[in-house]
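Asks: only geometry, no sequence info:
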């Protein structure tokens, strides 16, 4: 579908100049732009690339001379990445999800399916489950008994929603995400290797293996708020007694794991391969970079930002930027790294001083 420059600017609440009637088929990189595409040159470093493409219209940084760039029209972007989000939403390619229930779907008679829902091939929906209006459930999804999903959900192929899971409106789950799997909770009949390690002692040989492990069943479920997104292959375990929770507006990337009883607040960002141990609390507006690890029972305060690969093993106060393993304030981590890089020179210097001291002592 094509949109005019004026329509695009209106949808973005942005300023446009030039020929606002030009129709555009979609966005493009500046160097690959055609006359009927919108060049994305919001960053000044992309302006030179416009000359290698055939764009007539571009999104530019405020103050750029669009006429000198040879354009017929321009849209000015005060917040480039936010504008990009709006452009991609405008030109979105809808997911193929025809309305109605596919004949291969298996839906329990007691399940409640909202109006205008799309239920794809080989979907299974269990007893007492509730699916909100305008749901789009693609192939091979399973929704277990007594689960509830709000309006406007989009579940991609292979998603698994466990029993008693409660999910709000406009939930999106990418392929093969799992919500409501059993928590990883096992205990040895007698104190063993784990208890020894927690107390700072060295585990005794065979301390755990001798008795094996007893399962602690997960009696809770998972509660997810509105406008939450869950990435491909990510998992959220149900709680042991209470529910594992995820707050409104939180976005979770691919291959993220939330353990049992974890409480994640509202409007958090959890990037790829984050792992959050059981019973940890992640407050509102926390950002965890890729491969961040959070130990069990840790509390992370509001507005915390953790750089990629940070290892969070103790409580973190609010409003802090942390790095490293163990994670500490970013500036302290940088200073520690600088000192670490100086170690070879320091060792060489100490060796030289030792030789000088040895010579002096030998001459006495």
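Replies: Thanks, I have the structure now. This one's a predicted model, so the numbers in the text were calculated from it and none came from an experiment.

Asks: where are the low-confidence patches of the stretch 201-350 of the chain?
Replies: 204-211 (pLDDT under 70).

Asks: Tell me how far the residue nearest to residue 117 when sequence neighbours are not counted lies from residue 120.
Replies: Nearest residue to residue 117 in three dimensions, chain neighbours excluded: residue 135, at 4.4 Å (CB to CB, 6 or more residues apart in numbering). Just so you know, the C-beta spots here come from the backbone N, C-alpha and C atoms, and that holds for glycine as well. For residue 135, the distance to residue 120 equals 11 Å [CB to CB, to the nearest Å].

Asks: Might one say that the residue nearest to residue 117 is in contact with residue 141?
Replies: No - Residue 135 lies out of contact with residue 141 (CB atoms under 8 Å); the separation is 10.2 Å.

Asks: Residue 153 touches residue 167, doesn't it?
Replies: Yes - the pair residue 153 / residue 167 is scored as a contact, 7.0 Å apart, by CB under 8 Å.

Asks: all helices of the stretch 101-250 of the chain, in order?
Replies: For the stretch 101-250 of the chain, the helices defined by DSSP state H, counting those that start in this stretch cover 193-198.

Asks: What is the burial count for residue 115?
Replies: Applying other CB atoms under 10 Å, we find 10 residues neighbouring residue 115.

Asks: residues in contact with it?
Replies: Neighbour list for residue 115: 133, 134 [criterion: CB atoms under 8 Å, 6 or more residues apart in numbering].

Asks: could you redo the last one with a cut-off of 6 Å?
Replies: Residue 115 sits next to residue 133 when contact means CB atoms under 6 Å, 6 or more residues apart in numbering.

Asks: The one 10 residues further on now?
Replies: Residue 125 sits next to 107, 111, 143 when contact means CB under 6 Å, 6+ apart.

Asks: May I have the predicted confidence score for the last one?
Replies: Residue 143 is assigned a pLDDT of 98 by the prediction.

Asks: How about the second one?
Replies: Note on residue 111: pLDDT of 98.

Asks: isn't it right up against residue 129?
Replies: Yes - Residue 111 is within contact range of residue 129, at 4.5 Å (criterion: CB atoms under 6 Å).

Asks: These two: who's more crowded?
Replies: Applying other CB under 10 Å to residue 111 and residue 129 shows that residue 129 carries more neighbours, namely 25 against 18.

Asks: For residue 228, see how far away the more buried one is.
Replies: Distance, residue 129 to residue 228, using CB to CB: 18 Å.

Asks: now do residue 160
Replies: 16 Å.

Asks: Then residue 309?
Replies: Residue 309 is 25 Å from residue 228, where distance means CB to CB.

Asks: So between the two, which is more surrounded?
Replies: residue 228 (25 against 15).

Asks: isn't the more buried one right up against residue 250?
Replies: Yes - applying CB under 6 Å, one finds residue 228 in contact with residue 250, separated by 5.3 Å.

Asks: tally of neighbours for residue 113?
Replies: Counted with other CB under 10 Å, residue 113 comes out at 18.

Asks: I'd assumed residue 131 was in contact with it.
Replies: Yes - look at residue 113 against residue 131 with CB under 6 Å: they come within range, at 5.0 Å.

Asks: secondary structure element for residue 74?
Replies: Here residue 74 sits within strand 73-77, counting by DSSP states H and E.

Asks: and that strand, what does it pack onto?
Replies: Applying 3 or more CB pairs under 6 Å, 6 or more residues apart in numbering; DSSP states H and E, we find strand 73-77 packed against strand 15-18, strand 57-61.

Asks: how big is the angle separating the longest one from strand 73-77?
Replies: Here strand 57-61 runs at an angle of 30 degrees relative to strand 73-77 (axes from the mean of the first three to the mean of the last three CA atoms, to 10 degrees).

Asks: can you give me the mean pLDDT across strand 57-61?
Replies: Mean pLDDT, strand 57-61: 95.

Asks: shift numbering so it begins at 207
Replies: OK, 207 is where the count begins now, so the last one is strand 263-267.

Asks: which residues are in contact with that strand?
Replies: With contact meaning CB under 6 Å, 6+ apart, strand 263-267 is reached by 211, 228, 244-248, 250, 272, 277, 279-283.

Asks: Please apply the same query to the shortest one.
Replies: With contact meaning CB under 6 Å, 6+ apart, strand 221-224 is reached by 211, 215, 278, 279, 280, 281, 282.

Asks: Take the residues you listed and write them to TSV, including neighbour count, pLDDT and distance to residue 289.
Replies: Putting these into TSV (neighbours: other CB atoms under 10 Å; pLDDT from 0 to 100; distance: CB to CB, whole Å) gives the following:
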residue	neighbour count	pLDDT	distance to residue 289
211	23	95	14
215	20	94	10
278	16	97	19
279	22	97	15
280	25	96	12
281	24	96	8
282	20	94	9
